[in-house]
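Peer 1: Compute the structure for the input listed below.
(one chain, ligands or ions: 2)
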Amino acid sequence: MSVLVTGGAGFIGSHTCVELLNSGYDVVVADNLCNSKPDVMDRIALICGKKPVFYQIDVCDCEALRCIFQQHQIDAVIHFAGLKAVGESCGIPLRYYRNNLDSTLSLLECMQEFGCKKIVFSSSATVYGPSNPSPYTEDMPVNTATNPYGWTKVFIEQILRDTAAADADFSAINLRYFNPIGAHESGLIGDDPDGIPNNLMPYIVRVAAGQLEKLTIFGDDYPTADGSCVRDYIHVVDLAKGHLKALEYANMNRGVEAFNLGTGNGSSVFELVEAFENANNLTVNRVIGARRDGDLPAVWADTQKAKEKLNWSAEKTVQEMCADSWNFVKKK
Ligand code: NAD
Ligand code: UD1
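Peer 2: Numbers count the residues shown, from 1 in each chain. Ligands and ions are numbered 1, 2, ... in the order given. Predicted structure coming up:
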């Protein structure tokens, strides 16, 4: 079975390529490398002894996509390609809407033209918005967002629901990720953002590596046990494996379904920093700072649906996530 992986050179896409190749899928990657590096394909080959077929294209470009569908019998698509920085999306919203929506529309039109009817989409827990209480269940309303990035996920989920409603043979899975961290155990692939990271784990590892002076903990006065925000951190390899289960589900079922991919457990910022220090036997300089705009106090997943319908649950511990994140940075 041939799978087109858009954004397959990125953090989650590259780990999913590894799991797909290791499970015998033929993998074709389409990525414009706007947030990833070309050597990722070689690193994937070092891990699995096989390399995806790679096309450096913009997924918004219908003609370029069409060439891929002409050259390969694509049975299903996993759609990771997209811009993902929340703060940046507030500054350049049109770029986010253009890139994330156009790429999805071009992809769906091309899939329709070539009779490809299965798609797994990278959605986000951000679609639950500020009104739903944790743990989030998939049947909660997801019609609001607090920033343009989040709105692109809300809109794309709707586009997929409409596409499935219009074609009884179409199958779409919206995977709502919680907070992916960690890296492949080889240390060859991982999260490698350009510039100063926005997200917590990439920031922690750079402080630990001496590349940044100190971590600012964004608020210690939230209504949580220790006052810092709580998130559901999930190992990226567990997350990648969830995509294979979603593909199997899309093969067996029609229509559209959403699944949470999280562990079901929350860790506070203080707890994650301490887990990182303990797992790697080092200290991370930190100070307490002001709350960050838009942060919710506590976010974690209800994982029952993924357990029951996908036969998937996360296995790796926070300790492993911390050790693997550091291993990747040490080996770079
Ligand atoms: P990433 O930036 O590492 O990977 C995205 C990849 O898509 C990059 O390689 C980038 O070059 C490529 N890309 C972007 N726009 C493209 C376009 N128009 N054409 C071709 N390639 C394009 O991000 P990631 O963390 O691996 O996230 C993958 C997906 O998961 C994204 O859609 C993201 O919004 C979603 N997601 C990520 C997180 C997270 O915490 N990392 C959480 C929830 C959802
Ligand atoms: C953020 C996005 C979310 C997106 C996800 C992955 C927001 C509001 N949410 O989630 O939509 O899907 O990234 O890209 O931006 N923290 C610090 N110091 C730091 C960095 C973070 O204390 O330097 C704290 C944050 O306040 C938060 C937690 O660490 O409580 C996790 O932050 P982060 O990794 O950015 O993820 P989210 O905010 O959960």
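Peer 1: So which residues on the stretch 51-200 of the chain come close to ligand 1?
Peer 2: 58-60, 80-84, 99, 103, 122, 124, 177, 179-180 (CB under 6 Å from any ligand atom). No exception for glycine: its C-beta is placed from N, CA and C like everyone else's.
Peer 1: among the residues you listed, which are in strands?
Peer 2: With DSSP state E as the criterion, strands contain 122, 124, 177, 179, 180 from among these.
Peer 1: Excluding residues flanking it in the chain, which one is nearest the first one?
Peer 2: Same thing as residue 122. Take residue 122 and drop its neighbours on the chain: the residue closest to it by CB to CB, 6 or more residues apart in numbering is residue 80, 4.9 Å away.
Peer 1: Please tell me how far the one you found sits from ligand 2.
Peer 2: To ligand 2, residue 80 is 12 Å away according to CB to the nearest ligand atom, to the nearest Å.
Peer 1: Next: residue 257.
Peer 2: Counting by CB to the nearest ligand atom, the gap from residue 257 to ligand 2 is 20 Å.
Peer 1: measure that residue to residue 309 for me?
Peer 2: With the distance defined as CB to CB, to the nearest Å, residue 257 ends up 7 Å from residue 309.
Peer 1: More neighbours: which of the two?
Peer 2: residue 257 (18 against 15; other CB atoms under 10 Å).
Peer 1: Remind me what the helix or strand in which that one is found packs against, helices and strands.
Peer 2: Counting by DSSP states H and E, the element that carries residue 257 is strand 255-261. Applying 3 or more CB pairs under 8 Å, 6 or more residues apart in numbering; DSSP states H and E, one finds that strand 255-261 contacts helix 148-166, strand 171-177, helix 236-252.
Peer 1: ok, it: who's next to it in the sheet?
Peer 2: strand 171-177 (parallel) (DSSP bridges).
Peer 1: Now the strand it pairs with: average pLDDT?
Peer 2: In this model, strand 171-177 has an average pLDDT of 98.
Peer 1: Surely residue 44 touches residue 18?
Peer 2: Yes: with contact defined as CB atoms under 8 Å, residue 44 and residue 18 form a contacting pair (5.8 Å).
Peer 1: okay, these two: which has more neighbours?
Peer 2: residue 44 (28 against 23).
Peer 1: so the more buried one, which of the three states?
Peer 2: When classified by DSSP: H, G, I helix; E, B strand; the rest coil, residue 44 comes out as helix.
Peer 1: picking up where we left off before, what does the strand holding residue 257 contact?
Peer 2: Strand 255-261 is contacted from outside by 123, 125, 136-138, 142, 157, 160-161, 164, 170-178, 234, 238-239, 242, 246, 249, 301-303, 305-306, 309-310, 312, 314, using CB atoms under 8 Å, 6 or more residues apart in numbering.
Peer 1: For that strand, output the C-alpha coordinates as CSV.
Peer 2: Output of strand 255-261 as CSV, limited to C-alpha atoms (Å, rounded to 0.1, in the frame of the first residue of the first chain):
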residue,chain,number,x,y,z
GLY,A,255,-17.2,8.6,6.8
VAL,A,256,-15.4,10.9,9.1
GLU,A,257,-14.1,10.3,12.7
ALA,A,258,-12.1,12.3,15.2
PHE,A,259,-9.7,10.8,17.7
ASN,A,260,-7.7,12.3,20.5
LEU,A,261,-4.0,11.3,20.5
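Peer 1: tilt between that strand and helix 236-252?
Peer 2: Orientation of strand 255-261 against helix 236-252 (axes from the mean of the first three to the mean of the last three CA atoms, to 10 degrees) gives an angle of 160 degrees.
Peer 1: does ligand 1 sit close to strand 255-261?
Peer 2: No: Strand 255-261 stays clear of ligand 1 (CB under 6 Å from any ligand atom), getting no nearer than 9.0 Å.
Peer 1: about what we covered before: just the contacts of strand 255-261 that are near ligand 2?
Peer 2: Applying CB under 6 Å from any ligand atom to the contacts of strand 255-261, none is adjacent to ligand 2.
Peer 1: pretty sure residue 264 belongs to a helix, no?
Peer 2: No: counting by three-state DSSP, residue 264 falls outside a helix, being coil.
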